[in-house]
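Asker: sequence and computational prediction follow.
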Amino acid sequence: MAAVVDARSFRLDDGREVKLAGIEVADRTKATAALTALLVGRDVTLRGQDDTPDRYGRQQAYAFLEGQELPVQGELLRQGLALVSSEIADKDCATALMTAEGAARTARSGTWAEATVIKNAESPDDILAGIGRFTVVEGRVLTVRQAGATTYLNFGRNWTRDFALTISRRIVPAFEAAGLSPKSLENRRIRVRGWVEARRGPRIELLRVGQIEVLGGN
């Protein structure tokens, strides 16, 4: 491998630029340093769904060092320098990365040393301050309501101000197949990850089952 480009991208000796799939960087400065220490001058094997470059010409992939079963992404997660993305299609890969993230969270490594990493669903202003950012939120779903083709998982009673998740009708069957029908999440405490939008109150759109972790019973 030739050089690290940024906190989640590197350039191969043949000139190709690779973007690490499956993670969102939490601490860019430290992640860049960690990635440099892990990769520069070493051989890597790439695995991905396809090798089609993104609009910036980067190939998205999981990078493996020789003899390692967990990708480089997993090491960044274990150090608490990254968060698991909401865009992982492979279930086994998602499980492995979530386990690495969970270990860092338990150990309070890296970014997890800060109590503010996980946002409280009952603090909409705090969530809204992160508009346009990848965010992890925890809280209890108070009500589930449908309006037209959109289902809302509400974490507060003021729908113009409080935090909510949205899920379109076309996505619901995938959640139902995974045993996570929207209505079944009512009064459940969950952890959700995704990009914060401002639509009256703060919103995260649910596009994949992996965005949600059920944390406890009723």
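Answerer: Nice, thanks for sending it over.
Asker: how about residue 101, what does it touch?
Answerer: 77, 82, 83, 84 (Cβ atoms under 8 Å, 6 or more residues apart in numbering). For glycine as for every other residue, the C-beta is placed from the backbone atoms N, C-alpha and C.
Asker: PyMOL command to pick out the buried ones of these?
Answerer: Selecting only the buried entries of the contacts of residue 101 in PyMOL, with 16 or more other Cβ atoms under 10 Å as the criterion:
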select buried, resi 77+82+83+84
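Asker: please list the members of the contacts of residue 101 that lie in helices.
Answerer: residue 77 (DSSP state H).
Asker: measure residue 110 to residue 16 for me?
Answerer: Per Cβ to Cβ, to the nearest Å, residue 110 is found 29 Å from residue 16.
Asker: who has more neighbours out of those two?
Answerer: Neighbour totals were compared for residue 110 and residue 16, and residue 110 leads with 22 against 16 (other Cβ atoms under 10 Å).
Asker: isn't the more buried one right up against residue 27?
Answerer: Yes. Between residue 110 and residue 27 a contact is recorded at 6.2 Å, counting by Cβ atoms under 8 Å.
Asker: identify the contacts common to those two.
Answerer: Here residue 110 and residue 27 have 80, 81 as joint contacts, going by Cβ under 8 Å, 6+ apart.
Asker: where do the domain boundaries of this protein fall?
Answerer: The chain breaks down into these domains under automatic domain parsing: 3-113, 118-214.
Asker: give me the contact list for stretch 14-28.
Answerer: 5-12, 31, 46, 48, 54, 56-63, 71-73, 76-77, 80-85, 87-88, 93-94, 97, 110-111, 117, 134.
Asker: got a quick ChimeraX command for the buried subset of those residues?
Answerer: ChimeraX command restricting the contacts of stretch 14-28 to the buried ones, with burial defined by 16+ other Cβ under 10 Å:
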select :7,8,9,10,31,46,58,59,60,61,62,63,71,72,73,76,77,80,81,82,83,84,85,87,88,93,94,97,110,111,117,134
